[in-house]
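Student: Model the following, please.
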Amino acid sequence: MGKITGFLEFTRELPKKRSPQERVKDYKEFEERYSEEKLNQQSARCMDCGTPFCHDGCPVGNLIPEFNDAVYRKSYQEAYEILSSTNNFPEFTGRICPAPCETSCVLGINQPAITIEEIEKHIIEIAFENGHVKPKIPNVRTGKKVAVIGSGPAGMAAATQLNSAGHNVTLFERDDEPGGLLRYGIPDFKLEKWVVERRINVMKEEGVEIKCNANVGVNISISDLLREYHAIVLAGGSTIPRDLEIPGRDLKGIHYAMDFLKQQNKRVSKKEVKDEEILARGKNVVVIGGGDTGSDCVGTSNRQKAASVTQFELMPMPPKSRSPYMPWPTYPMILKTTSSHEEGAKRHWAIATKEFIGDESGNLKALKIVDLQWKFTEEQKPAQFVEVPGSETEIPCERAFLAMGFVHPQHEGLLSQLDIELDERGNVKASDKEFHTNISKIFAAGDMRRGQSLVVWAISEGRECARKVDEYLMGFSLLETKDQSILHRV
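Tutor: So this is what the prediction gives:
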């Protein structure tokens, strides 16, 4: 490495953020950039550790020590070339990834881990600023046509890779703009939409055709696609939210989290909201679900000036640091305080919502909740909970957002018309190695195949699936896999 004593000389330091009081006034990203000196110091912390577990912890197999070394030497174009060889969209993962690479960092055993995610974001932003990001237009076209259905991160990655292999790729998106959850799921204060648009423009310049308002199985015939394209990739995501079927569910004021977030993303983009507006202003908001989507609801509710924001989680509060059951380098389930939590929210764990309570007009006015006691034993799996006697209570609530995850992709329409085979969880059935469905020319990738997951896993799925499609079309493929990127280190 460029500075083998860097980890002894410098400690982990994240870029400054605008204060919570200031940033809740708008929907812009609020993290500042490192100075060149700070960026140099943070990359210098990367150790010459011999076996970089960070590489294996990264779903796309980023060559992390290599790009850290290049950043330390201020060879930013080299750093970009190393990073982009394994990750099509580091501007996304550098902003919204939970960084499993950092929890695998060897330095993280007894010191704070390397700021890998921030360094990644700086590499790609410097690359765009210096003109290093250029459209990669294939020299030769194969004449093969591929349809990719779904323009989220998995579909975008598959389309980019297949286009680079010389195939003619068309990306179908049922919404009015491409990007999937990057566009209409993740709030702008975490990922401003000019970042997505910038990458979409690069893809278009490379030759990827993008068709929006194109709902395959509704206003686009799947039989036409089967006839016109040599291969089809299903990358529509996991879109059916988990419901909470308790008394009072039909009251006004109870909404799925993604409906709430999508509306606000449209407002920020100055697009018309055609459905009944979902707003938190002046309301007592309760977010049911303790994950990232719930956190996004917290941040959005604060920006809409909710009267109060409370977040419930069914599970008990996780530990603040690794326990013996979460040894390094596994990804630890520890307490996570997001930027949205910093802006203000009451957080409660081991809580179950038993009933939605309404007023005489059918509007939500309160929740009936109860404390839970969890029992974790080796003999009793999965863990069980019981209600704590006498803990039942009511709290005021005029807006409840259900953020309890997603169960599977939408079956009606495209999947039912194809008679595609599903797995036991209701996802499209396709193997981890081949990504092939039960229909010869149809493949599946991303959340539609593996279930609800991370953006970085979606990118990895899209890349790996693209290679299998390329092999199917050509009999071989020069597209790189994650396993092959490991060989670059030898």
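
Student: Neighbouring strands - and their directions - for the helix or strand hosting Val407?
Tutor: Assigned by DSSP states H and E, Val407 falls within strand 406-408. Counting by DSSP bridges, the strands paired with strand 406-408 are strand 240-241 (antiparallel).

Student: How far off centre is the partner strand?
Tutor: How far strand 240-241 lies from its chain's middle: 16 Å, per C-alpha atoms, centre = their mean, to the nearest Å.

Student: Would you mark the buried spots in the helix ranked longest in the chain?
Tutor: Secondary structure of the chain per DSSP state H: the longest helix is helix 455-474. Neighbour-count burial for helix 455-474 flags 455-470, 472-473 (criterion: 16 or more other C-beta atoms under 10 Å). Heads up, the C-betas are built off the backbone N, CA and C, glycines and all.

Student: Off-centre distance for that helix?
Tutor: When distances are taken as C-alpha atoms, centre = their mean, helix 455-474 is centred 17 Å away from the chain's centroid.

Student: Return the alpha-carbon coordinates of it using PDB.
Tutor: Extracted as PDB, the C-alpha positions of helix 455-474 are listed here (Å, rounded to 0.1, in the frame of the first residue of the first chain):
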ATOM      1  CA  VAL A 455     -29.100  -2.000  -4.100                       C
ATOM      2  CA  VAL A 456     -25.600  -3.400  -4.200                       C
ATOM      3  CA  TRP A 457     -27.000  -6.900  -4.300                       C
ATOM      4  CA  ALA A 458     -29.300  -5.900  -7.200                       C
ATOM      5  CA  ILE A 459     -26.300  -4.500  -9.100                       C
ATOM      6  CA  SER A 460     -24.400  -7.700  -8.500                       C
ATOM      7  CA  GLU A 461     -27.400  -9.800  -9.600                       C
ATOM      8  CA  GLY A 462     -27.800  -7.700 -12.800                       C
ATOM      9  CA  ARG A 463     -24.100  -8.200 -13.700                       C
ATOM     10  CA  GLU A 464     -24.100 -11.900 -13.000                       C
ATOM     11  CA  CYS A 465     -27.300 -12.500 -14.900                       C
ATOM     12  CA  ALA A 466     -26.000 -10.500 -17.900                       C
ATOM     13  CA  ARG A 467     -23.100 -12.900 -18.300                       C
ATOM     14  CA  LYS A 468     -25.400 -15.900 -18.300                       C
ATOM     15  CA  VAL A 469     -27.600 -14.200 -21.000                       C
ATOM     16  CA  ASP A 470     -24.500 -13.400 -23.000                       C
ATOM     17  CA  GLU A 471     -23.400 -17.100 -22.800                       C
ATOM     18  CA  TYR A 472     -26.900 -18.200 -23.800                       C
ATOM     19  CA  LEU A 473     -26.900 -15.900 -26.900                       C
ATOM     20  CA  MET A 474     -23.300 -16.400 -28.000                       C
END
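
Student: Tell me the helices and strands packed up against it.
Tutor: helix 90-96, helix 153-164, strand 231-234, strand 442-444, helix 447-450, helix 482-487 (3 or more C-beta pairs under 8 Å, 6 or more residues apart in numbering; DSSP states H and E).

Student: Domain boundaries for this protein, per the record?
Tutor: Split into domains by automatic domain parsing, the chain comes to 6-129, 145-239+407-487, 243-404.

Student: mind checking pLDDT for the residue of the chain most remote from its centre?
Tutor: Computed with C-alpha atoms, centre = their mean, the residue of the chain farthest from its C-alpha average is Glu360, at 40.2 Å. For Glu360, the pLDDT comes out at 96.

Student: Is it part of a helix or strand, or is it coil?
Tutor: At Glu360 the chain is in coil, as set by DSSP: H, G, I helix; E, B strand; the rest coil.

Student: Now tabulate the domains of the chain in CSV and tack on distance to Pro135.
Tutor: Output for those, formatted as CSV (distance: least, C-beta to C-beta, whole Å):
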stretch, distance to Pro135
domain 6-129, 13
domain 145-239+407-487, 4
domain 243-404, 25
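
Student: In space, what's closest to Leu386 - neighbours in sequence excluded?
Tutor: Heads up, residue 386 is Val, not Leu. Spatial nearest neighbour of Val386, excluding adjacent residues (C-beta to C-beta, 6 or more residues apart in numbering): Gln373 at 5.4 Å.

Student: residue ranges for the helices of the stretch 51-200 of the chain, please.
Tutor: For the stretch 51-200 of the chain, the helices defined by DSSP state H, counting those that start in this stretch occupy 53-57, 64-72, 76-84, 90-96, 100-103, 116-129, 153-164, 181-184, 193-206.

Student: what stretches of this protein score poorly on pLDDT?
Tutor: 377-381, 484-490 (pLDDT under 70).

Student: go with 80
Tutor: Scanning the chain for pLDDT under 80 picks out 1-2, 376-383, 482-490.

Student: Direction included, what does the lengthiest strand in it pair up with?
Tutor: When the chain is parsed with DSSP state E, its longest strand is strand 364-375. Strand pairing for strand 364-375, using DSSP bridges, gives strand 351-358 (antiparallel), strand 384-387 (antiparallel), strand 393-396 (antiparallel).

Student: for it, which positions count as buried?
Tutor: Leu364, Lys365, Ala366, Leu367, Lys368, Ile369, Val370, Asp371, Leu372.

Student: Give me the distance between the first one and Ala127.
Tutor: Look at Leu364 and Ala127: by C-beta to C-beta, to the nearest Å, they are 48 Å apart.

Student: So what angle separates the directions of the longest helix of the chain and helix 153-164?
Tutor: Using axes from the mean of the first three to the mean of the last three C-alpha atoms, to 10 degrees, the direction of helix 455-474 lies 40 degrees away from that of helix 153-164.

Student: Report the contact partners of Asn40.
Tutor: Residues in contact with Asn40 (C-beta atoms under 8 Å, 6 or more residues apart in numbering) are Val71, Tyr72, Lys74.

Student: burial count for the closest residue to Ser84 other than its chain neighbours?
Tutor: With sequence-adjacent residues excluded and distances taken as C-beta to C-beta, 6+ apart, Ser84 is closest to Pro90, at 6.9 Å. Using other C-beta atoms under 10 Å, Pro90 is surrounded by 27 other residues.

Student: pretty sure Pro90 is touching Glu120, no?
Tutor: Yes. Using C-beta atoms under 8 Å, Pro90 makes contact with Glu120 at a distance of 5.1 Å.

Student: Mutual contacts of the two, please.
Tutor: Leu83.

Student: And the nearest residue to Leu182 once chain neighbours are set aside, how far from Glu177?
Tutor: Once flanking residues are discounted, Leu182 sits nearest to Val196: 5.1 Å by C-beta to C-beta, 6+ apart. As defined by C-beta to C-beta, Val196 lies at a distance of 8 Å from Glu177.

Student: Alright, calling it a day.
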